[in-house]
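Trainee: take a look and give me a structure for this.
(one chain, ligands or ions: 1)
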Amino acid sequence: MAPERSQETVTLTNGSLNSNGHYVEPLMKHPLPDIDRPYTYEVIEQSSRFLLERTKHRPRIGIICGSGLGGLAELLKEKDVFPYEEIPNFPASTVPGHAGRMVIGLLEDVPVICMQGRFHCYEGYALWKCAMPVRVMKLTGVTHIIVTNAAGGLNPAYNVGDIMLLKDHINMQGFAGDSPLKGRNDERFGPRFPAMNNSYDQRLRQLAKQVAKDIGIDQYIREGVYVMLGGPAYETVAELRLLRMLGVDAVGMSTVPEVMVARHCGMTVFAFSLITNECITDYDAQGEANHEEVIETANKRQNDLNLFVTRVVSSMASEMTSANGKNGSVDEN
Ligand SMILES: O=P(O)(O)O[C@H]1O[C@H](CO)[C@@H](O)[C@H]1O
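Mentor: The predicted structure follows:
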């Protein structure tokens with residue numbers, strides 16, 4: 001018999017307990033689950049308007065900070081800080097190493113909007129929701145996005161601490177029919193069938209390599225293919241061996257939805273992985289992947305990465321200025 005619904009309930013994460021202590025399924029507000037109901041343009045506009053009304057900055061460059069990489073946001077000057085729980089329609093960030101704040105300010109003299117922490121599907125969010133802040137950035141005026149992540153190094157030539165510039169990704173969830181672009185398409189964001197080749201801008205990769213040379217970290221720079229798995233479990237040996245056969249160089253649990261949504265709405269993308277741990281592909285190995293190691297490596301490499309991103313942003317802004325007279329700020333038209 002179906003459990004009786006009661007007004008006298010104790011709230012649980014999903015459903016609730018009625019007065020007899022029986023579990024009651026949550027009442028579905030919508031006929032379709034979250035996964036097929038991306039926020040409408042108007043809902044995204046509400047979030048971007050909230051930010052624009054509370055900051056004087058008008059950035060054209062957005063940055064997403066990966067696990068343990070949020071220290072960059074601390075460098076911003078004249079910054080306005082918005083915890084995710086204060087921004088309309090934003091979910092909560094629940095992962096250690098992800099502060100959960102949108103920070104808008106000047107990186108050196110370039111205005112940027114920075115996600116200090118991201119959303120992952122293993123936190124329980126649909127792929128579109130993980131990537132939703134990218135659309136918010138778009139509607140605040142962002143045209144160029146830098147996406148960073150912590151990832152396991154699968155290419156045997158990689159070392160912990162290396163920086164892998166993404167030249168491509170494998171959208172593993174897409175193979176199973178899921179996508180951040182699934183559901184009704186709104187042409188105001190982009191086309192129903194967007195192309196994903198050339199997602200990682202060649203010119204920006206060149207520029208980043210030059211920056212790495214200039215600041216003396218070019219020996220750590222790699223270029224490769226990233227795969228996103230759903231997590232939160234790290235991979236088995238057999239899974240990693242399969243991924244290596246598929247041409248994967250680094251493994252993570254993020255980035256791909258954000259990049260797909262960014263490309264869908266016409267943004268220029270630069271992305272890199274900090275290789276925080278070695279993927280274990282040997283059955284006799286004793287070690288195990290763990291998030292503490294990921295955060296520890298990110299902390300150790302924070303200074304180099306902060307300098308790297310700061311210089312990449314400066315060079316991007318200079319190129320944007322020479323291309324169209326804007327210095328990374330929308331209001332300098
Ligand atoms: O991709 P980011 O958010 O940098 O974090 C990576 O590190 C966590 C696992 O240690 C996962 O969230 C994985 O995706």
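
Trainee: so where is the stretch 51-200 of the chain shaky, pLDDT-wise?
Mentor: Low-confidence segments of the stretch 51-200 of the chain, defined by pLDDT under 70: 98.

Trainee: ok, 90 please
Mentor: Residue ranges of the stretch 51-200 of the chain with pLDDT under 90: 67-69, 91-99.

Trainee: what is the burial count for the residue in the stretch 51-200 of the chain positioned nearest to the ligand?
Mentor: Taking Cβ to the nearest ligand atom, the ligand has its nearest neighbour within the stretch 51-200 of the chain at Gly66, 2.7 Å off. Just so you know, the C-beta spots here come from the backbone N, C-alpha and C atoms, and that holds for glycine as well. Around Gly66 there are 27 other residues, counting by other Cβ atoms under 10 Å.

Trainee: so it sits against Ile146, correct?
Mentor: No. With contact defined as Cβ atoms under 8 Å, Gly66 does not count as touching Ile146 (10.6 Å).

Trainee: so which residues on this protein come close to the ligand?
Mentor: Residues of the chain found near the ligand (Cβ under 6 Å from any ligand atom) are 66-67, 95, 118, 120, 149-150, 231, 252-254, 291, 294.

Trainee: and with 8 Å instead?
Mentor: Selection of the chain residues close to the ligand by Cβ under 8 Å from any ligand atom yields 65-69, 95, 97-98, 118, 120, 122, 148-151, 228, 231-232, 234, 252-255, 273-274, 276-277, 289-291, 294-295.

Trainee: got the contact list for the most centrally placed residue in the chain?
Mentor: Closest to where the C-alpha atoms of the chain average out (Cα atoms, centre = their mean) is Thr255, at 4.4 Å. Applying Cβ atoms under 8 Å, 6 or more residues apart in numbering to Thr255 gives the contacts 64, 66, 147, 149, 166, 169, 226, 228, 271, 273.

Trainee: got the buried residues for stretch 207-221?
Mentor: Judged by neighbour count using 16 or more other Cβ atoms under 10 Å, the buried positions of stretch 207-221 are 207-208, 211-212, 217, 220-221.

Trainee: okay if I get those as JSON lines plus pLDDT?
Mentor: Compiled in JSON lines, these are given as follows (pLDDT from 0 to 100):
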{"residue": "Leu207", "pLDDT": "97"}
{"residue": "Ala208", "pLDDT": "98"}
{"residue": "Val211", "pLDDT": "98"}
{"residue": "Ala212", "pLDDT": "98"}
{"residue": "Ile217", "pLDDT": "97"}
{"residue": "Tyr220", "pLDDT": "97"}
{"residue": "Ile221", "pLDDT": "98"}
